[in-house]
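> With the input below, show me the fold.
(2 chains)
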Protein chains: 2
Amino acid sequence: MTEKKNIAIMGAGLVGSLLSLYLAKRGHKVDLYERRPDLRKNVIDGGRSINLALSDRGWRALKGIGIEEEVRKVSIPMYGRMMHDEQGKLTYQPYGKEGQAIYSVSRGGLNMALMNLSEPNNDITYHFSRQATDVNLRTNEVQLRNTETGSTETIQPDLLFGADGAFSVVRGAMQRTERFDYQQSYLEYGYKELTIPAAAGGGWAIEKNALHIWPRGNYMMIALPNLDGSFTCTLFFPYEGERSFAAIQNEQDLLGFFREVFPDALPLMPELVQDYFEHPVGSLVTVKCFPWSYEDKSLLIGDASHAVVPFYGQGMNAGFEDITVLDQMLDSFDGENWGQLFEAFERRRKPNADAIADLAVLNFIEMRDKVADPRFLLRKKIEGKISEQYPDKWIPLYSMVTFTDLPYSYALETGRQQDKIMKKVMKHIKSIEDYDKPEVQKLLEKQLVTKEKLKKYDKSAGLE
Amino acid sequence: MTEKKNIAIMGAGLVGSLLSLYLAKRGHKVDLYERRPDLRKNVIDGGRSINLALSDRGWRALKGIGIEEEVRKVSIPMYGRMMHDEQGKLTYQPYGKEGQAIYSVSRGGLNMALMNLSEPNNDITYHFSRQATDVNLRTNEVQLRNTETGSTETIQPDLLFGADGAFSVVRGAMQRTERFDYQQSYLEYGYKELTIPAAAGGGWAIEKNALHIWPRGNYMMIALPNLDGSFTCTLFFPYEGERSFAAIQNEQDLLGFFREVFPDALPLMPELVQDYFEHPVGSLVTVKCFPWSYEDKSLLIGDASHAVVPFYGQGMNAGFEDITVLDQMLDSFDGENWGQLFEAFERRRKPNADAIADLAVLNFIEMRDKVADPRFLLRKKIEGKISEQYPDKWIPLYSMVTFTDLPYSYALETGRQQDKIMKKVMKHIKSIEDYDKPEVQKLLEKQLVTKEKLKKYDKSAGLE
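The predicted model follows:
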């Protein structure tokens, strides 16, 4: 048992709240400081939920603290992608094997559930409406301003965790130290949240158990189901250009555009005009940095150290996996040298954080563009067949990321190798039946068995 | 003639000072604000000069304002690299064709010369010891603190140029705007300035007209000549590891290390111990960002927008080229829309700034490591022969960067193509005589004439 520490977590979002449970379980005293007011007492975002897709890495972290089943009840499984073309025609593509799904949950709902679970713990205290105005990394002193009363205070925890998101104040302090690598990059795309309300008689207006995509080449709309029968839609759209946020100036532009490119969605969106012109355009940033820690005093976790764009649905899952990995490392931690622990943690997670950041950008291209291409869908089916025939040698990239805990960096690298093989295979494929052609079978035999290019991931290699 | 503008340049370093001359020539009123005191009245760096290598892009910018000859007089041409091996054996490699050289100049000396040239101009005013504490991009108000008197003032120029270097305050303000791409990355190496003083009887202790390199695999020392007979040496060295700054703790460590790896330099460095333990370790940062401007109000230039590591000797040259390009664009500028001008400038320069940043990192590997390899030196000689035989089709990468004004991005891309060809060619080469072998000649004929892979750069393509 390690010494009981006074720990401050900046940010009481999903990662901060879950982390508090894990740290308190190990006997530490945890205080969480959150910039915003208590979202349980304040309706945020006009009551509109932002959805997240929980997948295996996220579930694993929830399970580790015993709250998997509770969250499962308020989530909706999505077993595949439902593509809507410009004529409203539907094409369905399962995400994985039968029964495998990603789960739509409400960000606010999940956050509240985590707060409600952790707050009764005597060692966990939430402090809301506290804006960190300055962080002194050397002394671990944090200046806080109470945004309700205007009063200020200074805290000085033993350990400081920066779970304060993509625009982290703790990371801001690290950025001012010597030799801190930092990168923020924005896509030329923004996003806007829209709504498909529940059907007139209740229930879901379109297929409930799917993630809906309207892929349109260089832009797209998606929709995720909510428990109340509504869907939260997100339009990912260029800032500038012929088809862009800048080009839609009024109601007429908007409706003309939707009528042309999202004809089946438009009748389902009675609040479209209001939503569109009232909701802000969100930006899409990737943040990479290194190191993630300062001496034995502070550590960044979640988006604060690795904000990713949302197209692989892995932002929260990656942050939750940070906690799983940290918790594993705490199992064999002697409680002495926190600086060493932090360094080991950041070295282990950094390549995986970089990999999921890159995968998320690549998946944007796949979602907005390729999923509308029949050749691409055929390729996905062929990949499914390979995976059935060689289950030990071929897990599709999407499945590695979503349905396993293989390191993201391994998934990215393996995905690249798979891509090379698929290019060769697809030269011989005109339809799904061609899979059984001798030259295809021979090629796969050579690539997967003889060359053994795709070695099964070796857990003993000690990645994670 | 455009309207006379009140222009503020933050930073009176090399780029800021030269820019003031170009802007005043066009009839604008220019104020320069420099954080440090006037270096003409204050001995900085203990009188020790930091050297720079001026090459063609830099000369072109100096020539454009009519001061090329004046600077030429205080510079020392370096016609090639002089490599020193661990036994003190020398190998020489010319940089370009006969007569082509890069020029060693003192940073302080050049900066003072530029100040002395610009200050008599009634439209140019220098303000020293002025630290920018806040920049409001929307209003173009800059808060300045006089570091001598402690007093503060606010300026509000029509146009604001950020020539304030790698840690630019103007860029800092841009970083806080929406959708600003930013990246800073550090090498795992630092540097330390050391000295070889003039020889006892006066004059240079080692070859004057060369850039000296002691390449040692994962670290190196270089030396550039000064007018007074001394050389400024720079040790580029890992921060951590067996051979590193961290490993050298005392005089004994230092002398033992130099005796072993720089045996011919050690006797020439009587001040080594003092220099080493008194001088700080500098860090090596690359900064990339975008955009470089804010509306029609401010523009970053030089290191502020694209700080590079020093290994191609192009940091100052790239900054000076910014000014040449901006000046060319001002030739056809109607004086109306500065925002449009800034956007056109940043779009044009950004790919070249990115390219020289990447080239500089690549050249570090070449300098510290490959120049000690006989195969690499043979390859350089073969490249020289190709360039002689096909002068229209093959300019070596180093020459493109150093002795032409071809865009850096074109040089980088062409260099990659050359690299592929050289890999094929070198398979047939054991000695310089093999160049004339029929298979080598046939290969080159095919690659350079038949395939015409390396098209001559087309100025009409409108890059720059």
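
> For the residue nearest to A:K393 when sequence neighbours are not counted, give its distance to A:I421.
Leaving out its chain neighbours, the residue that sits closest to A:K393 by CB to CB, 6 or more residues apart in numbering or on different chains is A:L448, at 4.8 Å. In short, each C-beta sits where N, CA and C put it, glycine included. According to CB to CB, to the nearest Å, A:L448 and A:I421 sit 8 Å apart.

> following the longest helix seen in chain A, which helix or strand comes up?
Ranked by residue count under DSSP state H, the longest helix found in chain A is helix A:338-368. Per DSSP states H and E, the first helix or strand lying C-terminal to helix A:338-368 is helix A:374-389.

> returning to what we had before: what sits against the residue nearest to A:K393?
Neighbour list for A:L448: A:I386, A:Y390, A:K393, A:W394, A:I421, A:L454 [criterion: CB atoms under 8 Å, 6 or more residues apart in numbering or on different chains].

> wait, which of those residues is closest to B:I206?
Nearest to B:I206 among the contacts of A:L448 is A:L454, at 55.3 Å by CB to CB.

> now the contacts of A:L448 as TSV including pLDDT and distance to A:S75?
Converted to TSV, those look like this (pLDDT from 0 to 100; distance: CB to CB, whole Å):
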residue	pLDDT	distance to A:S75
A:I386	95	30
A:Y390	93	32
A:K393	90	32
A:W394	93	29
A:I421	94	35
A:L454	47	32
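
> quick check, nearest of those to B:K350?
Ranked by distance to B:K350 (CB to CB), the contacts of A:L448 are led by A:I421 at 36.5 Å.

> Can you tell me the SS state at the closest one?
helix (DSSP: H, G, I helix; E, B strand; the rest coil).

> If we ignore the residues flanking it in sequence, what's nearest it?
Computed as CB to CB, 6+ apart, the closest residue to A:I421 that is not its neighbour in sequence is A:Q447, at 4.9 Å.

> That neighbour reaches A:K423, doesn't it?
No. Counting by CB atoms under 8 Å, A:Q447 does not reach A:K423; the two are 11.2 Å apart.

> Looking at the two, which has the bigger crowd around it?
Shown here are A:Q447 and A:K423; by other CB atoms under 10 Å in any protein chain shown, A:Q447 has more neighbours (23 against 10).

> Need the phi and psi values for the more buried one.
In terms of degrees, to the nearest 10, the main-chain angles of A:Q447 are phi -70, psi -40.

> Can you give me the pLDDT of the closest residue to A:G99 other than its chain neighbours?
Nearest residue to A:G99 in three dimensions, chain neighbours excluded: A:Y79, at 8.0 Å (CB to CB, 6+ apart). On pLDDT, A:Y79 comes in at 97.

> go on, the one 10 residues further on?
Looking at A:K89, its pLDDT is 95.

> Ramachandran angles for it?
As for A:K89, its main-chain torsions (degrees, to the nearest 10) stand at phi -70, psi 140.

> so which residue of the stretch 251-400 of chain A comes closest to chain B?
Chain B sits closest to A:S283 of the stretch 251-400 of chain A, with a gap of 5.5 Å, by CB to the nearest CB.

> Looks to me like that residue is in a strand.
Yes. Counting by three-state DSSP, A:S283 is found in a strand.

> From one end of stretch A:223-242 to the other, what's the distance?
For stretch A:223-242, the first-to-last residue distance is 24 Å (CA to CA, to the nearest Å).

> Could you do stretch A:237-255 as well?
End-to-end for stretch A:237-255, by CA to CA: 15 Å.

> Helices of chain A, residue ranges please.
The residue ranges that make up the helices of chain A, judged by DSSP H, are A:14-25, A:56-64, A:68-73, A:107-118, A:169-175, A:251-261, A:272-278, A:303-306, A:315-331, A:338-368, A:374-389, A:397-403, A:408-426, A:438-444.

> Please produce CSV containing those, extended by distance to B:L114.
Output for the helices of chain A, formatted as CSV (distance: least, CB to CB, whole Å):
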stretch, distance to B:L114
helix A:14-25, 51
helix A:56-64, 57
helix A:68-73, 65
helix A:107-118, 56
helix A:169-175, 32
helix A:251-261, 53
helix A:272-278, 53
helix A:303-306, 43
helix A:315-331, 49
helix A:338-368, 42
helix A:374-389, 58
helix A:397-403, 55
helix A:408-426, 48
helix A:438-444, 65
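
> so where's chain A uncertain?
Along chain A, the parts satisfying pLDDT under 70 run over A:1-2, A:43-49, A:451-464.

> How about the closest residue to chain B within the stretch 1-150 of chain A, nearest residue that isn't a chain neighbour?
Nearest residue of the stretch 1-150 of chain A to chain B: A:T133, at 15.0 Å (CB to the nearest CB). Nearest non-adjacent residue to A:T133, counting by CB to CB, 6+ apart: A:Q143, 4.7 Å away.

> Enumerate the beta-bridge partners assigned to that neighbour.
On the basis of DSSP bridges, A:Q143 is bridged to A:D134, A:T154.

> Who are the contact partners of it?
A:A132, A:T133, A:D134, A:V135, A:T152, A:E153, A:T154.

> what do you get for A:Y191?
Contacts for A:Y191 (CB under 8 Å, 6+ apart) come out as A:T234, A:L235, A:F236, A:F237, A:V281, A:G282, A:L284.

> Tell me the bridge partners for it.
A:F236, A:G282.

> Verify the stated contact: A:C233 with A:M269.
Yes. A:C233 is within contact range of A:M269, at 7.4 Å (criterion: CB under 8 Å).

> domain ranges for chain A?
Chain A breaks down into these domains under automatic domain parsing: A:6-44+A:106-184+A:286-363, A:373-461.

> so which of the ones you listed gets nearest B:K208?
Across the domains of chain A, B:K208 has its closest neighbour in domain A:6-44+A:106-184+A:286-363 (35.4 Å, CB to CB).

> Just give the closest residue to A:A113, not the sequence neighbours.
Nearest non-adjacent residue to A:A113, counting by CB to CB, 6+ apart: A:V71, 6.4 Å away.

> separation between that neighbour and B:L18?
Relative to B:L18, A:V71 is positioned 62 Å away (CB to CB).
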